[in-house]
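Peer 1: Predicted model and sequence below, questions to follow.
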Amino acid sequence: MPVVRSTDARITTTPNGTMTTFASPTQGGTTGTALWRVDMTPAASGPYHSFEAEQIWTVITGGLTAVIDGEELTATIGDTVVFPADLPRQVHADPETGFTAIATAPAEARAYNPDDITPPDACGLAPRDAERVLPPWTI
């Protein structure tokens, strides 16, 4: 399908944020790429995890702090963060504004725990121990 209508976007809500899928193999028929929006409320933090493939996020509102392999980086409106594959990372929303970002990655790439240990605060969608999972917003 060459046009995915905004009314057909798929929404996945987690304790950390909301992901809105615009295109993926099951949402618009792409063959290997996913495109989604990430919305995080002020002061929210995403899970500590790794991803099998590079992800690219462009901030369109607010700001975030990304900790990638121990290095802390900040990004605000118009900035793009390139998350390398297989490095541990965590994203924190700006404490006052939160953020919205548009993200893309290969649809078949899986998320996993970098130390094969499930964090105690992991949500139901998070991988368990050494498990690798396809995030529902990318499939």
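Peer 2: Noted; the coordinates are in hand. Residues are numbered from 1 along each chain as shown.
Peer 1: can we go C-alpha only for contacts and neighbour counts from here?
Peer 2: Fine.
Peer 1: What does the pLDDT read for S6?
Peer 2: S6 is assigned a pLDDT of 88 by the prediction.
Peer 1: wait, what's in contact with it?
Peer 2: F22 (CA atoms under 8 Å, 6 or more residues apart in numbering).
Peer 1: and it, how far is that from T21?
Peer 2: 10 Å (CA to CA, to the nearest Å).
Peer 1: Stretch 126-139: end-to-end distance?
Peer 2: 15 Å.
Peer 1: and that stretch, how far from the chain's centre?
Peer 2: Centroid displacement of stretch 126-139 relative to its chain, using CA atoms, centre = their mean, to the nearest Å, is 11 Å.
Peer 1: Give me the residues contacting that stretch.
Peer 2: 10-12, 19-21, 24-27, 33-36, 105-113, 115-118, 125.
Peer 1: what does stretch 60-71 give?
Peer 2: By CA under 8 Å, 6+ apart, stretch 60-71 touches 72-78, 83, 87-94, 97-102.
Peer 1: For PyMOL, write the selection for the buried entries among those.
Peer 2: A single PyMOL command selects the buried members of the contacts of stretch 60-71 (16 or more other CA atoms under 10 Å):
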select buried, resi 74+75+76+83+87+88+89+90+91+92+93+94+98+99+100+101+102
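Peer 1: Tell me the bridge partners for T104.
Peer 2: Per DSSP bridges, the residues bridged to T104 are L35, I56.
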